[in-house]
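K.L.:
coordinates only, no sequence provided:
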């Protein structure tokens, strides 16, 4: 296997009402067969929906801002810049921006074919 460069203009970006998700590495981008890597931006006062990843674990690092992350049994934890959380596969979770600026999150998944399942709640 050779090194693969993906220019920022080639990354897949999905815009939502809560912010955006950009996928920088994964099988769909043809630059990883082992993992998915991306960035999420969550607007102030917004959050992503409760969801899980049935086929992979997730590591999330807060690069900028402050978030509240809902994990097991609805427990809420606050996270700031540099904080990291590891989420096992199938665990429902969601992040909300509790700061005054965009929250920027680095996200990595243990599968090149990351799946997402919306959860009720």
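P.N.:
Cool, the structure landed. Treat the numbers as computed from the prediction; the structure is a model and nothing was measured.
K.L.:
what is the burial count for residue 55?
P.N.:
Neighbourhood size, residue 55 [other CB atoms under 10 Å]: 15. All C-beta spots, glycine's among them, are computed from the backbone N, C-alpha and C.
K.L.:
residue contacts, it?
P.N.:
Residues near residue 55 by CB atoms under 8 Å, 6 or more residues apart in numbering: 89, 111, 113-115.
K.L.:
contacts only, for the spatially most central residue of the chain.
P.N.:
In the chain, the residue lying closest to the centroid (CA atoms, centre = their mean) is residue 107, at 4.3 Å. Residues in contact with residue 107, defined by CB under 8 Å, 6+ apart, are 37-40, 58-61.
K.L.:
let's go with 10 Å and repeat that
P.N.:
Neighbour list for residue 107: 21-24, 36-40, 58-61, 87, 95, 114 [criterion: CB atoms under 10 Å, 6 or more residues apart in numbering].
K.L.:
tell me the SS of it?
P.N.:
Of the three states, residue 107 takes strand under DSSP: H, G, I helix; E, B strand; the rest coil.
K.L.:
and for the one 4 residues further on?
P.N.:
Assigned by three-state DSSP, the conformation of residue 111 is coil.
K.L.:
how near is it to residue 25?
P.N.:
Here the criterion is CB to CB, to the nearest Å. By it, residue 111 lies 12 Å from residue 25.
K.L.:
give the residues shared as contacts by the two.
P.N.:
In terms of CB under 10 Å, 6+ apart, residue 111 and residue 25 are both contacted by the residues 32, 34-36.
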